[in-house]
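In: Predicted model, plus sequence, below.
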Amino acid sequence: MRQSILFTKTRKEIGTDEVSLNASLLIRGGFIDKLSAGIYTYLPLGLKVIDKIKNIIREEMNAMGGQEILMPALTPKEIWETTNRWNNFDALFRLSNIEGKEYALGATHEEIVTPLLKKYIFSYKDLPKFVYQIQTKFRNEPRAKSGLLRGREFLMKDLYSFHADQNDLDKYYEKAIRAYFKVFKRLELDKLTYLTFASGGAFSKYSHEFQTLAANGEDTIYICEKCKIAYNKEIINEISECQNCKLDKDKFKEAKSIETGNIFKLGSRFSKSFDFKFKDKDGQEQDVIMGCYGMGPSRIMGTLAEIFNDGKGLIWPITVTPFTVHFILISKDNALAKKADKLYDDLTKMGLEVLYDDRDETAGVKLNDSDLIGIPFRLILSEKTLKADSVEIKRRDSDKVELIKIVKIADYFKSRI
RNA sequence: CGGGGUAUAGCGAAGUGGUAUCGCGCUUGGUUCGGGACCAAGAGAUCGGCGGUUCAAAUCCGCCUACCCCGACCA
């Protein structure tokens, strides 16, 4: 993409009341725009990042048998009354139409997915089944804050599993944990992310969160470094030792973190509400056993911004960067601009995702914008580099600058992306 | 929802009673051209909203709204 056509611009400064690091960096770089507290627009660069995050999650969900669907965000009151959550789910956005019929904006989708699957599943032969969606969720947070980390409208991947018995759920639950870590590995967050015991289990005593270490995180976790498992502060008083290795909890390390995922064994909590049963091999009716598995792409984008940055701006992992290469022309010479246009075409033909800074701006402006936007590879063409038939290549996360021959560019990237 | 703070040009800020100032950005011309260039000339604000006090309100008072922070909350 030519940067000259990008309608967004970077900003040198934003208001002093925006103290959230992720919001500050993402707004300055032109990735997101705040409409209202906890409500953001994803601008072209930000949308590319969020789409890449979604695709990584999508691929891993598909790999564990998930079938993608898209459920409504506007949902009728009755289904929430069926599960007794119309009045008990504080964060539910409730609204009514002109005729007085009441609705909720989807804050979670057990109420939709359970009756949905009930229409198709009747026998043990139909189980297990796994469906998921990536959709906008609405939660009336009493206090939206921390940029993308706690919004009133946010993206959520929610997968729901349906099983004939608990043993099958348990196996799938373990599989989900492994799938989640595959996602975190691809996001370069695996080393910072801990499987964390947390409250909220409807079926099992604890749910599990995926907590990613971050200085500005809202959550506090206690880590058993021996087995790399953590415990949310909310349950630490209920336990005395690591559930895995029996290490005394006094040896745990305290840390701030962001909840980037949360999985639950729901058991029959929702299937009972909707009378969702199946016939087993003996012809007996049994409750369907459920699990649910959440992960927030928008919160993950905020988390990545919190973690991958320096004093100059963002530093995107290659897997989620809006573009792989930031190609910058430093020259006002027309002939050189023609060469740059051609090189841009060639780079694109190599299959590289390129942001081409063809703007009529000074070198300083372009280089500072490039640092702020945080694309992993910066490639510069100028009179200086052209004399050597070369471009300058620098990685965003390094100060090392190297010249490479234009004809060798394809080789350079072949071994790196 | 409790406590605290903020609201002035597109963005960021100054301005404690006399009709609004600066920086960035924008327009025009010129000079620059590898780390947010320089000179000159411009455009752009009914000072968050409503009401009040006053000869006079961005400024004082009241109410409202929005945003930020701390806390509570976060199936």
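Out: Perfect, thanks for sending it. Numbering: from 1, shown residues only, chains lettered A, B, ... in the order given.

In: so what pLDDT did the residue most central in space within chain A get?
Out: Central residue of chain A (C-alpha atoms, centre = their mean): A:P297, 2.4 Å from the mean position. Model confidence at A:P297, given as pLDDT, is 97.

In: Following the record's annotation, map out the domains of chain A.
Out: Here the domain assignment for chain A is A:3-310, A:325-414, based on automatic domain parsing.

In: Distance to RNA strand B added to the ones you listed, as CSV?
Out: Glycine gets a C-beta too; all of them are placed from N, C-alpha and C. Compiled in CSV, those are given as follows (distance: least, C-beta to the nearest atom of the strand, whole Å):
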stretch, distance to RNA strand B
domain A:3-310, 3
domain A:325-414, 3
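
In: Please name whichever of those domains is nearest to A:W316.
Out: The closest of these to A:W316 is domain A:325-414. By C-beta to C-beta, the value is 4.9 Å.

In: Please, where are all the helices along chain A?
Out: For chain A, the helices defined by DSSP state H occupy A:21-28, A:44-63, A:77-82, A:110-118, A:166-186, A:269-273, A:297-307, A:334-349, A:363-373, A:383-387, A:409-414.

In: Now do stretch A:10-17: distance from first to last residue.
Out: For stretch A:10-17, the first and last residues are 18 Å from each other (C-alpha to C-alpha, to the nearest Å).

In: one step back: which of the helices of chain A is buried the deepest?
Out: helix A:297-307 (a mean of 27; mean count of other C-beta atoms under 10 Å).

In: What is the burial count for A:E241?
Out: 14 (other C-beta atoms under 10 Å).

In: Report the beta-bridge partners for it.
Out: Following DSSP bridges, A:E241 is listed with bridge partners A:D248.

In: picking that back up, Serialize the helices of chain A to TSV and add fields for distance to A:F252.
Out: Shown next, in TSV, are those (distance: least, C-beta to C-beta, whole Å):
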stretch	distance to A:F252
helix A:21-28	26
helix A:44-63	29
helix A:77-82	38
helix A:110-118	32
helix A:166-186	20
helix A:269-273	30
helix A:297-307	22
helix A:334-349	49
helix A:363-373	38
helix A:383-387	53
helix A:409-414	43
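
In: Can you tell me which of these is nearest to A:I235?
Out: Taking the helices of chain A one by one with C-beta to C-beta, helix A:166-186 is closest: 17.8 Å.

In: If you count contacts, what does the closest one end up packed against?
Out: helix A:44-63, strand A:153-163, strand A:193-198, strand A:207-213, strand A:253-267, strand A:289-295 (3 or more C-beta pairs under 8 Å, 6 or more residues apart in numbering; DSSP states H and E).

In: which outside residues touch it?
Out: A:56-57, A:60-61, A:63-64, A:127-128, A:130, A:159, A:161, A:163, A:190, A:193, A:195, A:208, A:210, A:212, A:260-261, A:263, A:265, A:267, A:289-291, A:293, A:295, A:319 (C-beta atoms under 8 Å, 6 or more residues apart in numbering).

In: any low-confidence regions in the stretch 201-350 of chain A?
Out: A:201 (pLDDT under 70).

In: Recalculate using a threshold of 80.
Out: In the predicted model of the stretch 201-350 of chain A, residues A:201-203 satisfy pLDDT under 80.

In: Identify whichever of the helices of chain A lies nearest to A:Q243.
Out: That would be helix A:166-186 among the helices of chain A, by C-beta to C-beta, at 14.1 Å.

In: low pLDDT regions in the stretch 51-200 of chain A?
Out: A:200.

In: at 90 instead, please
Out: Across the stretch 51-200 of chain A, residues meeting the criterion (pLDDT under 90) sit at A:98, A:200.

In: how about the helices and strands packed on helix A:166-186, which one is nearest A:I404?
Out: helix A:44-63 (26.0 Å).

In: and A:I417, how many neighbours does it have?
Out: 15.

In: Find me whatever residue is spatially closest to A:A410, sequence neighbours aside.
Out: A:M350 (5.2 Å; C-beta to C-beta, 6 or more residues apart in numbering).

In: Surely the residue nearest to the centre of chain A is in contact with A:T136?
Out: No. Using C-beta atoms under 8 Å as the test, A:P297 is too far from A:T136 to be in contact (10.4 Å).

In: Now the common contact residues for those two.
Out: With C-beta under 8 Å, 6+ apart as the test, A:P297 and A:T136 both reach A:L155, A:M156.

In: From A:Y412, how far off is the residue nearest to A:A410?
Out: Distance, A:M350 to A:Y412, by C-beta to C-beta, to the nearest Å: 10 Å.

In: for A:K332, what are its contacts?
Out: A:D360 are the contacts of A:K332 under C-beta under 8 Å, 6+ apart.

In: what are the phi and psi angles of it?
Out: A:K332 has phi and psi values of phi -110, psi 10 when expressed as degrees, to the nearest 10.

In: how much space is there between it and A:A388?
Out: From A:K332 over to A:A388 the distance is 20 Å, taken as C-beta to C-beta.

In: Please apply the same query to A:E218.
Out: 50 Å.

In: Also A:P317?
Out: Following C-beta to C-beta, the distance that separates A:P317 from A:A388 is 31 Å.

In: Show the contacting residues for A:D397.
Out: Residues near A:D397 by C-beta under 8 Å, 6+ apart: A:I315, A:P376.

In: follow-up on the earlier one: the helices of chain A: which one's closest to A:R11?
Out: Closest among the helices of chain A, once you apply C-beta to C-beta, is helix A:21-28, at 4.8 Å.

In: Give the other helices and strands that the closest one contacts.
Out: strand A:32-36, helix A:297-307, strand A:313-314.

In: Could you identify the buried members of the contacts of helix A:166-186?
Out: A:56-57, A:60-61, A:64, A:127-128, A:130, A:159, A:161, A:163, A:193, A:195, A:208, A:210, A:212, A:260-261, A:263, A:265, A:267, A:289-291, A:293, A:295, A:319 (16 or more other C-beta atoms under 10 Å).

In: returning to what we had before: so for A:F203, which of the helices of chain A sits nearest?
Out: Among the helices of chain A, the nearest to A:F203 by C-beta to C-beta is helix A:269-273 (6.5 Å).

In: and the closest one, what does it pack onto?
Out: helix A:110-118, strand A:289-295.
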